[in-house]
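**Q** Sequence below, structure please.
(2 chains)
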Amino acid sequence: MALEEANLRPAPRARPAVWYRSWRFYAGCAVVLLVYGYGWRITQIHLAELWRGARLIEPFVVALSSPDILTREPRTEGASAPFYYGGQAPPAPPTPSGPRLVLSPRTGPIGTRIRAEGRGFAPGRPGVLWWENQIGQRQQVASFVTDSQGRFAVGFTAPPAQGTRNLVVAEVTTGAGPLRPSPTLVVVVDRMIETIFLALMGTTMGVLFAVPLSFLGARNLTSHVPGGGVVYALTRACFNLTRSIEALVLAIIFTVWVGLGPFAGVLALGVHSIAALGKLYSEAIESIDRGPIEAITATGASPLQVVRYAVVPQIVPQFIAFTIYRWDINVRFSTVIGFVGGGGIGFVLQQYINLLQWRQAATALWMIAIVVALLDYASAVVRERIV
Amino acid sequence: MSEPVLRIERLTKVYPDGTRALSDVSFEVARGEFVVIIGLSGSGKSTLLRCINRLVEPTSGRIVFEGRDVTAASRQELREIRRRIGMIFQQFNLVRRASVLTNVLSGRLGYLPPSWALANYFPGPLVQQALANLERVGIPEKAAARADTLSGGQQQRVGIARALMQEPRLILADEPVASLDPAMSHSVLRYIEELNRKDGITVLCSLHFLSLARRYGTRILALRAGELVFDGLPREIDEARFRGIYGEEAVAVEIG
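**A** Numbering: from 1, shown residues only, chains lettered A, B, ... in the order given. Below is the predicted model:
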């Protein structure tokens, strides 16, 4: 009787648990604290290092704002005159038109005071006097500024040098030359092109293998064929296993196999792309609408015609979109594949960083950022058009 | 009595999961009939239609189309039979990304060498025929449009034009208007009726609404749980018969 009554009454509501009274809450807090405390220690997080190390990275940050992109080679004009050590006087120089340099005396021992007079130079320009020894090594011995008639006169001491024949060269900077891409930029662009093609070849290799394999990895196509289930499972297992190996690890393996260079990078990206694209393609095939297949089959079409008119139109846009997306990823990835010797821009970037050539490193970094961002944008636009 | 277009003998279909979709269904369809199949959802209407061109393999029984045994046909024979049987679907089943014209032309694939498909080649006269069929269903201006830009009614008319490309002797229509609003339903059914009256194409059409079945059918078949429970003229379906087909709780719904 009492039991029945209890059943009739509405079940007593469970008292809403107050979070701060629950022991589970405190146990949970303790576990979280333990995990993060241990993580903090094991990953050696020292925030103070960020401050202390800042001055080490400072030149790089500065360099980022002034990457080595363009140079202006100074235009110079010069004149030279010989000076001989050891008594013998050099032959009298010819008298060319244009700038001229006259030394007095024209011979003497090391340590001789020499007076150099120049004329015919551009007026009011800075210049440098070089001492060039017998094997072409130069050192600066004086600097000067030409007067309003383009003349100068400067005295200096003959420096210690091997050999007897020396050349004194006066060089006057007359102005800056035209802007030109710096040698760094040339190297970086060259390597960027290599990088883009590396990604292209890797992606192409991926597509060529992934397209046929993806049909084997599509459940809706394999399930009707005897033994198809095994083929499906094997294909998918291969995709998943290969995909779980990072492309960087693959690149290291392939550099051992085929040697350093872009080919190793192509193989690494290619193998990784086969797995990644294969999975995406298979899923695209699995998601097609069966209706058109049924309709085209009902018209008496052959299997080839059914594939061409009912399957292909449904998967091609997705295949193209996935491929562009993959190429995009591969370009990004091939920038680091050079770090392990797989060719591309990563190789020079690593060199610049190791040599502390920050401005050059900045050039490479900017190049990567701009090209990747542009490709990212382009691939997004193309994919949107297609799908 | 001439040879029937279609003869179904003791047709049974049991799906692998044990569902008995059709049991022991037998009937004949004479040339020029507009046969409407009615019945609840799951009563076997779709299975019956799909067994006729073997989109679904029958478990047992015989299907004879124009004197040819469909159930015993080889793959090549089956394709020859299929190309004389047009099919219209509830979901239209157009290739959504392809143009309307390509969709219509694809109805002719059964007559073309498969290798032409690789180049997407259709001879000029066929293109003319496709355009004429589009004209016939009233949407000649849509030929170049992508199929998925059309409204439901227009898509179903593309489906009819595609079936017409087959120059069919029989049209199977599986709930052709179930995805359309009432006004569109009449429009689409009138096109099918016209093919039946003018071109003499035999029609086997499944419908949900009894009112539509009465209006368009020259004969009605009713399925209930996979069994043929009625075969007669539209006017013979009275209240008692109706309950027998749709169950005691059913109420007839009129559709415009």
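**Q** which stretches of the stretch 101-250 of chain B form helices?
**A** B:115-118, B:124-136, B:152-165, B:182-198, B:210-216, B:239-246 (DSSP state H, counting those that start in this stretch).
**Q** most tightly surrounded among these?
**A** Highest mean neighbour count of those: helix B:152-165, a mean of 25 (counted as mean count of other CB atoms under 10 Å in any protein chain shown). In this view, the C-beta of every residue, glycine as well, is placed from N, C-alpha and C.
**Q** Tell me the helices and strands packed up against that helix.
**A** On a contact count with 3 or more CB pairs under 8 Å, 6 or more residues apart in numbering or on different chains; DSSP states H and E, helix B:152-165 meets strand B:85-88, helix B:100-105, helix B:124-136, helix B:182-198.
**Q** now for these, which one comes closest to chain A?
**A** strand B:85-88 (4.2 Å; CB to the nearest CB).
**Q** what's the distance between A:Ala301 and chain B?
**A** 4 Å (CB to the nearest CB, to the nearest Å).
**Q** How about A:Leu269?
**A** 30 Å.
**Q** What part of the chain, helix or strand, is modelled with the least confidence?
**A** Since you didn't name a chain, this refers to chain A. helix A:2-8 (a mean of 46; mean pLDDT, DSSP states H and E).
**Q** In a markdown table: the helices of the stretch 101-250 of chain B, plus mean pLDDT.
**A** Listed next are those as a markdown table, based on pLDDT from 0 to 100:
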| stretch | mean pLDDT |
| --- | --- |
| helix B:115-118 | 83 |
| helix B:124-136 | 93 |
| helix B:152-165 | 94 |
| helix B:182-198 | 91 |
| helix B:210-216 | 89 |
| helix B:239-246 | 79 |
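**Q** Identify the residues contacting the nearest residue to A:Pro159 once chain neighbours are set aside.
**A** Nearest residue to A:Pro159, sequence neighbours excluded (CB to CB, 6 or more residues apart in numbering or on different chains): A:Trp131, at 5.6 Å. Contact partners of A:Trp131, counting by CB atoms under 8 Å, 6 or more residues apart in numbering or on different chains, are A:138-141, A:158-159, A:161, A:166-169.
**Q** What count of nearby residues applies to residue 122?
**A** By default, I'm working from chain A. Counted with other CB atoms under 10 Å in any protein chain shown, residues neighbouring A:Ala122 total 16.
**Q** that's the wrong chain, I wanted chain B
**A** Neighbour number of B:Phe122 under other CB under 10 Å is 20.
**Q** need the contact list for the spatially closest residue to it that is not a sequence neighbour.
**A** Once flanking residues are discounted, B:Phe122 sits nearest to B:Leu105: 4.9 Å by CB to CB, 6+ apart. Contacts of B:Leu105 were listed using CB under 8 Å, 6+ apart, and they are B:122, B:126-127, B:130, B:165.
**Q** confidence score at B:Leu105?
**A** The model reports B:Leu105 with a pLDDT of 94.
**Q** B:Pro4 now?
**A** For B:Pro4, pLDDT reads 88.
**Q** and it, which of the three is it?
**A** The three-state label given to B:Pro4 by DSSP: H, G, I helix; E, B strand; the rest coil is coil.
**Q** And the residue lying closest to it once chain neighbours are set aside, how far from chain A?
**A** Nearest residue to B:Pro4 in three dimensions, chain neighbours excluded: B:Glu28, at 4.2 Å (CB to CB, 6+ apart). According to CB to the nearest CB, B:Glu28 stands 22 Å off from chain A.
**Q** The stretch 1-150 of chain A: strands as residue ranges?
**A** Taking DSSP state E, counting those that start in this stretch, the strands of the stretch 1-150 of chain A run over residues A:70-85, A:100-104, A:107-108, A:113-119, A:126-132, A:138-145.
**Q** Provide a list of residues in contact with A:Gln305.
**A** A:Gln305 neighbours (CB under 8 Å, 6+ apart): A:296, B:109, B:112, B:114, B:117.
**Q** which residues sit in contact with the last one?
**A** Read that as B:Ala117. Counted by CB under 8 Å, 6+ apart, B:Ala117 has contacts A:304-305, A:308-309, B:109.
**Q** ok, so of those, who is nearest A:Gln149?
**A** A:Arg308 (86.4 Å; CB to CB).
**Q** roughly how far apart are the closest one and chain B?
**A** From A:Arg308 to chain B the distance is 4 Å (CB to the nearest CB).
**Q** And A:Leu167, by the same measure?
**A** Where chain B is concerned, A:Leu167 sits at a distance of 76 Å (CB to the nearest CB).
**Q** Which elements pack onto the host helix or strand of that residue?
**A** Using DSSP states H and E, A:Leu167 sits in strand A:165-181. Here strand A:165-181 touches strand A:70-85, strand A:100-104, strand A:113-119, strand A:126-132, going by 3+ CB pairs under 8 Å, 6+ apart.
**Q** repeat that for 6 Å
**A** strand A:70-85, strand A:126-132 (3 or more CB pairs under 6 Å, 6 or more residues apart in numbering or on different chains; DSSP states H and E).
**Q** Which residue, other than its chain neighbours, is closest to the residue of the stretch 201-350 of chain A found nearest chain B?
**A** Nearest residue of the stretch 201-350 of chain A to chain B: A:Gly300, at 2.7 Å (CB to the nearest CB). In this structure, A:Gly300 finds its nearest non-sequential neighbour in B:Gly110, 2.7 Å apart by CB to CB, 6+ apart.
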